[in-house]
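Q: Sequence first, then the predicted structure:
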Amino acid sequence: MDDDDDQQMDIITLQNAAATELVRTLNQMAQGAGGTESGAAAVKMVADERTNSVLISGEKSLRLRLKAMVLELDTPQPGGGGGSNVVAAPVPPATPPTS
């Protein structure tokens, strides 16, 4: 295998998902799947909060698989929403005080 390919880094800028949450989820999934025994040590994935990007380094085949998963998970939320929705609550009309 070409060592230069294993020293490369992929940077994926997310449009919909939060990089920190996505990386946390994928890292937890890798730990649950056996951690280093399944090749998790051959690849490293971190989140860059400033640019909302995922940085992936390591073995090329694993980088490509993780990149595909990141892109698949970076989808809009159902209903077109982000994390929060602001809704104006109706304000009832003021009633004059009774004497």
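A: Arrived safely, thanks for sending. Numbers count the residues shown, from 1 in each chain.
Q: so where is the chain shaky, pLDDT-wise?
A: The model of the chain has pLDDT under 70 over residues 1-6, 33-41, 79-88, 99.
Q: Residue nearest the middle of it, spatially speaking?
A: For the chain, residue 22 is the residue whose C-alpha lies nearest the centre (Cα atoms, centre = their mean; 2.6 Å).
Q: Next up, the contacts around the closest residue to that residue other than its chain neighbours.
A: Once flanking residues are discounted, residue 22 sits nearest to residue 73: 5.9 Å by Cβ to Cβ, 6 or more residues apart in numbering. To be clear about C-beta, it is placed using only N, CA and C from the backbone, and glycine gets the same treatment. By Cβ atoms under 8 Å, 6 or more residues apart in numbering, the contact list for residue 73 reads 17, 22, 25.
Q: Also residue 67?
A: Applying Cβ under 8 Å, 6+ apart to residue 67 gives the contacts 10, 12, 56.
Q: what are the phi and psi angles of the last one?
A: Note on residue 56: its backbone torsions stand at phi -130, psi 130 [degrees, to the nearest 10].
Q: For it, give its distance to residue 94.
A: Taking Cβ to Cβ, to the nearest Å as the measure, residue 56 falls 58 Å from residue 94.
Q: what residues does whichever helix or strand the residue nearest to the centre of the chain is part of touch?
A: Per DSSP states H and E: residue 22 is located in helix 19-32. Helix 19-32 has contacts (Cβ under 8 Å, 6+ apart) with 14, 38, 40, 45-49, 52-54, 66, 69-70, 73-74.
Q: What about those, which one has the most neighbours?
A: With neighbours taken as other Cβ atoms under 10 Å, the top of these is residue 54, carrying 27 neighbours.
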